[in-house]
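Asker: Let me see the structure of the following:
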Amino acid sequence: MEVLNGDTFASMLRSGAAMLGEKREEVNDLNVFPIPDGDTGDNMYMTIDSGNTEVMSYDNSSLEEVAASAAKGMLLGARGNSGVILSRIFAGISHGLEGREETDVRGLSEAFKSGVEEAYRAVSIPVEGTILTVYKDAVRYASERVTDDSTFEDFFDDFILELHSSLERTPELLAVLKESGVVDSGGAGFIYIVEGMRKALAGEKTVSCEQAISGSKKKVDISLFTEDTVLEFGYCTEFLLRLQKSKVDKDKFDLDGLIEYLNSEGDSVVAFRDDSIVKVHVHTKEPGVILNHCQKYGEFLTLKIENMTLQHHESELKKHIESSSDKSVAAMDEGILSSVDASSGETLTGGYSSGNGFRKKVRKKYGIVSVAAGEGIKEFFISLGCDAVVDGGQSMNPSTEDFIKSFDEVNADTIFVFANNSNIYLTACQAAELYKDSDIRVIDTKTIGEGYAAISMLDTSSDNIDEIISNARGSAATVVTGVVSKANREASMDGVSVRDGDYIGFVGDKIYLDTENRDDAVIGLARELECGNYDVAILIAGKDTTLEETGKIKDRLSGAYKRTEFVVIEGKQPIFDYMLVLM
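Answerer: Residues are numbered from 1 along each chain as shown. Below is the predicted model:
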């Protein structure tokens, strides 16, 4: 093959996504920390699959168009640090392919170099021994070997060879990898993607994406929507529409007019256009009306309609949010609430409007978005005044698009975002960079405890954004968050021998103890952290704990540390059996 065109590149992306989908559990298992929180494979798969989805319908398109569309899809679908970096790699490749209908090997090599520059630019403090290093080394090695006689197969063979070599060197660059006896998981995930792309070049088939994610779809409990249930929230309706020349002149197609129509028929409207494809998200009680209207312009490529009332009934959190005061705002994934009255087109000046049966709220000066996992913790953050809570945490990182939807929902001039997890921070920053309708400020909180302290003491009365952020960071710095979780493998870290099935107590990346019993782990961790030196300790119980067990632990702690006030929250979070927030 002398030139690479758009169709072939799209096929390579599909094969790369499928290959990673098949192997993502192996990538997840390359986890440094001995608890079941490995999600690098999932994050990278969902990121590249978002790009893959964007190019599924492309046919006879230029290489530039396919690369740009894939990069955009990955940008919005990026999850976790590994996913963000992966999206930036392909964004750089896309930049390098601008203006190209097709390319030769040298052109692709130069585009891959652009991927290196873009990926390193995305990380404020690049860490060597990660996917960054693995990709950079392979690009350099393969590019140096390109000659006038090189084929794409030659380039990818050299590229893959050095990917493996560089991956094997990652433990020498990162001590934590060497201590844990693993290689970098992000680098490993990237190798599967590239190997899948190479298979497509050779005409080999990989497992389909549908097979790779089989069984991952959530089962809908239809019993929650009976013959007597009232359709309260309508339908979340999403589709890709390909404009058809037989129906409309795409150069004269009025996207603003379509958005105005959608707002008149529904709510939570998100619509944008990429050449002849229009992507629409809308909440409506009559999706058929909207579909019939939009079909005047083209034909549907994809279509998804979900009953939001059914979704509402499936979550206790959503029940809580719907009954909370005006200060608390729905944290539903689909809850993009508009500030414009659909019937009059006027911006609301106070309270809520129920035009078209959908709740709409005013634009406010300041808003708060937090990230949390566990229904109890989410409710807790809502009670603190968060306007939206993005579902995510350890092993379940939200996407860039999840954040963007929450920003739309909050509808504020300035929005403060608390990621509460170091693996979510980059995604939040990427979403902030993309979002133009508000001033988004991401606060680098790394734990639920830091997020709680910063949000509970957030003071916006000064109207000085830099001062508000500085004070929030200062509040977060005063908190220590200890965690107890069950080990899923043997390990030796920080001088502690961890046994599979035991409970470990840790703060950040530092393990303090290993015990057979969960309650002893909490008590021991409190002792190691000198709990008695703090005025308040919040014990957050996970989903696999019992009220009886938690009560006994609290009693033991209260008896041991008389001056410390202990507060229990039934967080219901996964992975972390207990969190101990010391203030």
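
Asker: my read: residue 303 touches residue 239, true?
Answerer: Yes. Contact criterion C-beta atoms under 8 Å: residue 303 and residue 239 qualify, at 4.5 Å. No exception for glycine: its C-beta is placed from N, CA and C like everyone else's.

Asker: any common contacting residues for these two?
Answerer: Common neighbours of residue 303 and residue 239 (criterion: C-beta atoms under 8 Å, 6 or more residues apart in numbering): residue 291.

Asker: Neighbour count: these two, which is higher?
Answerer: A count of neighbours by other C-beta atoms under 10 Å puts residue 239 above the other of residue 303 and residue 239, at 19 against 12.

Asker: what helix or strand does that one sit in?
Answerer: Residue 239 is part of strand 235-243 when elements are defined by DSSP states H and E.

Asker: Run through who's touching that strand.
Answerer: 57, 250, 253, 266, 268, 276-285, 287, 290-291, 294, 297-308, 311, 334.

Asker: Tell me how far residue 46 lies from residue 250.
Answerer: Applying C-beta to C-beta, to the nearest Å, the value for residue 46 to residue 250 is 31 Å.

Asker: now residue 43
Answerer: On the measure of C-beta to C-beta, residue 43 and residue 250 end up 35 Å apart.

Asker: out of these two, which sits in the busier spot?
Answerer: Between residue 43 and residue 250, counting by other C-beta under 10 Å, residue 43 is the more crowded of the two (30 against 17).

Asker: what's downstream of the helix or strand hosting that one, the next helix or strand?
Answerer: Using DSSP H and E, residue 43 sits in helix 40-55. Using DSSP H and E, the helix or strand that follows helix 40-55 towards the C-terminus is helix 63-77.

Asker: Output the contacting helices and strands for the helix or strand just after that following helix.
Answerer: Proceeding N to C from helix 63-77, the next assigned helix or strand is helix 80-96, under DSSP H and E. Packing partners of helix 80-96 (3 or more C-beta pairs under 8 Å, 6 or more residues apart in numbering; DSSP states H and E): helix 40-55, helix 63-77, helix 105-122, helix 131-144, helix 185-201, helix 425-434.

Asker: could you give the angle of helix 80-96 to helix 131-144?
Answerer: Helix 80-96 runs at 30 degrees relative to helix 131-144, counting by axes from the mean of the first three to the mean of the last three C-alpha atoms, to 10 degrees.

Asker: Show me what whichever helix or strand comes after helix 80-96 is packed up against.
Answerer: Once the chain leaves helix 80-96, the next helix or strand it forms, by DSSP H and E, is strand 102-103. Here strand 102-103 touches strand 4-5, going by 3+ C-beta pairs under 8 Å, 6+ apart.

Asker: Run a quick neighbour tally on residue 535.
Answerer: Neighbours around residue 535, by other C-beta under 10 Å: 9.

Asker: All the strands of the stretch 401-550 of the chain, in order from the start?
Answerer: 412-418, 439-443, 480-486, 491-493, 496-498, 503-507, 510-515, 536-541 (DSSP state E, counting those that start in this stretch).

Asker: Now for the residue lying closest to residue 563 once chain neighbours are set aside, how many residues are close by?
Answerer: Nearest residue to residue 563 in three dimensions, chain neighbours excluded: residue 532, at 6.5 Å (C-beta to C-beta, 6 or more residues apart in numbering). Residue 532 is flanked by 15 other residues according to other C-beta under 10 Å.

Asker: Surely residue 182 is within a strand?
Answerer: No. Under the criterion used here (DSSP: H, G, I helix; E, B strand; the rest coil), residue 182 is coil, not part of a strand.

Asker: in terms of contact, does it touch residue 174 like I think?
Answerer: No. Using C-beta under 8 Å, residue 182 is not in contact with residue 174, being 9.9 Å away.

Asker: contacting residues for residue 497?
Answerer: 490, 514.

Asker: Now the strand holding residue 239 - C-alpha only, CSV.
Answerer: Taking Å, rounded to 0.1, in the frame of the first residue of the first chain, the C-alpha atoms of strand 235-243 are listed here in CSV:
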residue,chain,number,x,y,z
TYR,A,235,-37.4,10.9,26.8
CYS,A,236,-33.7,11.6,26.4
THR,A,237,-33.4,11.6,22.6
GLU,A,238,-30.1,11.5,20.8
PHE,A,239,-29.3,11.0,17.2
LEU,A,240,-26.8,11.6,14.4
LEU,A,241,-28.5,13.0,11.3
ARG,A,242,-26.8,12.9,7.9
LEU,A,243,-28.0,15.9,5.8
